[in-house]
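Undergrad: Fold the stuff below for me.
(one chain, ligands or ions: 1)
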Amino acid sequence: MTNIHSTAAQMSAALAAKEISSVELTQQHLDRISAVDGDVHAFLYVDTEGALAQAKAADELRASGKEISPLTGVPLALKDVLAQKGVPTTCGSKMLEGWRPPYDSTVVTKLKEAGVVILGKTNMDEFAMGSSTENSAYGPTHNPWDLTRIPGGSGGGSAAALAAFEAPLAIGTDTGGSIRQPAAVTGTVGVKPTYGGVSRYGLVAFSSSLDQAGPCARTVLDTALLHEVIAGHDERDSTSINQLVPQVVAAAKKLDVKGMKIGVVKELSGEGYQSGVSQRFQESLDLLVEAGAEIVEVSCPNFEYALAAYYLIAPSEASSNLARFDSMRYGIRIGDDGTVGAEEVMRRTRHLGFGPEVKRRIILGTYALSSGYYDAYYGSAQKVRTLLKQDYERAFEKADVLVSPTCPTTAFKIGEKSDDPLAMYLNDVATIPVNMAGIGGMSLPCGLAPEDGLPVGFQIMSPVMQDDRLYRVGATLEAALLSKWGKPLLANAPELAVR
Ligand code: GLN
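TA: The predicted structure follows:
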């Protein structure tokens, strides 16, 4: 019987077989949100009426006999960085409190065209800056495995919604790891498509050359189904790639990696990686070998500079992108009491409208772009970016995909790193190179770390527009792990705090 614990593919089959209606399925998820989201706080806004109306429309579409998407009528949680017409969109910031976009982002347009039911908007680090969802102006999200721990960030709300069975599908965005790192620490699957593979139109910009929306779910096949719904060329995004979308659903069904070469990135292991993370990663490599893949070691010597370069490029672009929130053109307005000029109103608004991490990045980025420092900081970082791309090109000559642990550790405690920005930044050491080179990346759960019983993520990286390889390898590994465990990881967990 289909219920909130089913996969999106199972829900799709049950809808097709008329075992359940979309209205019923949506109501089950809304009930679940009411029951657990007080503890988890995955959602910033639940669109009860809108979701039920969309579900009714999906049921009618299905009954009409017209051609429909496999995901018609299946519910989804949307990261609050994507514009949805008429629905509050805050980016986790006070700055956008009360804003209801007058238009849909392309991702939302595609979801609506496919008849996917949008349950609501999920919590995130303010303007997607962070790795723990503690930087949200609306309070943190809690990891469903242990409510005292972070769900990753910046898309912690989307990942937690999946792990708490509040939604079978979610959308995230990944600038330096914000889809993959939350997936890793919540035992869910997240994919950052090739840059340009999914339109950024209507995605509130953090770092435009790095930002990429992508699919999140509890299984590899479900992410593939969602990937095909949201991907594709869009005239409204000048960086969108005008090519056919990789056949990711077919790849996720292949379950065969015989003859594939899998490159283990030497620089993304060893010191700094928790022992249980390394152990589960190694066991997954063994399973891939049993499935017929060949493991090769590759070296990407410039990866050691990736984090430093990212923390120049991302804040630089952010400082430019966030300049629009000046209380005159965009955002809230604070302190306009008629006695002060426009600049003072901007100052007051930004002072109260932005949180500390966003301010830190704007200051850092403004400094890095200032005349006299531009070449030394921003210019050098761009050169590192080229070196990272070259590292990947050389590595992909030796291997079809590259792999690493997604994160150095499992989920840490809420508050543990919030006073230490550098410790927080280190979480993304393995995910950032992917964004810097614009390639595709996936994280899927590969077990629980023996020392703390928390989920570990396995990262797969593929060349530009070869995202299908992520799904081929990911689904094969997932199937091998499933037959080893007997049950999916989330069902396997007595530790799961939210039942
Ligand atoms: N954690 C990284 C940062 O803080 C990445 C965030 C993201 O991917 N949006 O910038």
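Undergrad: pull the CA atoms of the worst-scoring helix or strand of the chain on mean pLDDT into PDB?
TA: Sorting the helices and strands of the chain by mean pLDDT, DSSP states H and E puts helix 421-425 at the bottom, at a mean of 91. What follows is helix 421-425, C-alpha atoms only, in PDB (Å, rounded to 0.1, in the frame of the first residue of the first chain):
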ATOM      1  CA  PRO A 421      33.300  30.200   9.900                       C
ATOM      2  CA  LEU A 422      36.400  28.500   8.800                       C
ATOM      3  CA  ALA A 423      35.500  25.200  10.400                       C
ATOM      4  CA  MET A 424      32.100  25.500   8.800                       C
ATOM      5  CA  TYR A 425      33.700  26.200   5.300                       C
END
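Undergrad: How far does that helix sit from its chain's centre?
TA: 19 Å (C-alpha atoms, centre = their mean, to the nearest Å).
Undergrad: same thing with stretch 156-168?
TA: With C-alpha atoms, centre = their mean, you get 12 Å for stretch 156-168.
Undergrad: Tell me the buried residues in that stretch?
TA: Judged by neighbour count (16 or more other C-beta atoms under 10 Å), stretch 156-168 contains these buried residues: 156-168. C-beta here means a position set from N, CA and C on the backbone, and glycine is covered the same way.
Undergrad: Same list, these, but as JSON lines with secondary structure please.
TA: What follows is these, written out as JSON lines (DSSP: H, G, I helix; E, B strand; the rest coil):
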{"residue": "Gly156", "secondary structure": "helix"}
{"residue": "Gly157", "secondary structure": "helix"}
{"residue": "Ser158", "secondary structure": "helix"}
{"residue": "Ala159", "secondary structure": "helix"}
{"residue": "Ala160", "secondary structure": "helix"}
{"residue": "Ala161", "secondary structure": "helix"}
{"residue": "Leu162", "secondary structure": "helix"}
{"residue": "Ala163", "secondary structure": "helix"}
{"residue": "Ala164", "secondary structure": "coil"}
{"residue": "Phe165", "secondary structure": "coil"}
{"residue": "Glu166", "secondary structure": "coil"}
{"residue": "Ala167", "secondary structure": "coil"}
{"residue": "Pro168", "secondary structure": "coil"}
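Undergrad: Does the least confident helix or strand of the chain reach the ligand?
TA: No: judged by C-beta under 6 Å from any ligand atom, helix 421-425 and the ligand are separated, with a smallest distance of 6.7 Å.
Undergrad: in that helix, what counts as buried?
TA: Neighbour-count burial for helix 421-425 [16+ other C-beta under 10 Å]: Pro421, Met424, Tyr425.
Undergrad: Show me where the stretch 351-499 of the chain has its strands.
TA: Taking DSSP state E, counting those that start in this stretch to define them, one finds strands in the stretch 351-499 of the chain at 401-405, 440-448, 455-462.
Undergrad: packing partners for the second one?
TA: Okay, so that is strand 440-448. helix 180-186, strand 189-192, helix 220-230, helix 275-290, strand 455-462, helix 468-485 (3 or more C-beta pairs under 8 Å, 6 or more residues apart in numbering; DSSP states H and E).
Undergrad: how close does the residue nearest the centre of the chain sit to the ligand?
TA: Nearest residue to the geometric centre of the chain (C-alpha atoms, centre = their mean): Ile179, 1.8 Å. Ile179 sits 7 Å away from the ligand, going by C-beta to the nearest ligand atom, to the nearest Å.
Undergrad: Could you do Leu322 as well?
TA: Counting by C-beta to the nearest ligand atom, the gap from Leu322 to the ligand is 13 Å.
Undergrad: residue contacts, that residue?
TA: Phe127, Phe354, Val358, Ile362 (C-beta atoms under 8 Å, 6 or more residues apart in numbering).
Undergrad: ok, now with 6 Å
TA: Ile362 (C-beta atoms under 6 Å, 6 or more residues apart in numbering).
Undergrad: Torsion angles phi and psi at it?
TA: Dihedral angles of Leu322 (phi, psi; degrees, to the nearest 10) stand at phi -80, psi 0.
Undergrad: Apart from its chain neighbours, what residue comes closest to Gly232?
TA: In this structure, Gly232 finds its nearest non-sequential neighbour in Val245, 5.3 Å apart by C-beta to C-beta, 6 or more residues apart in numbering.
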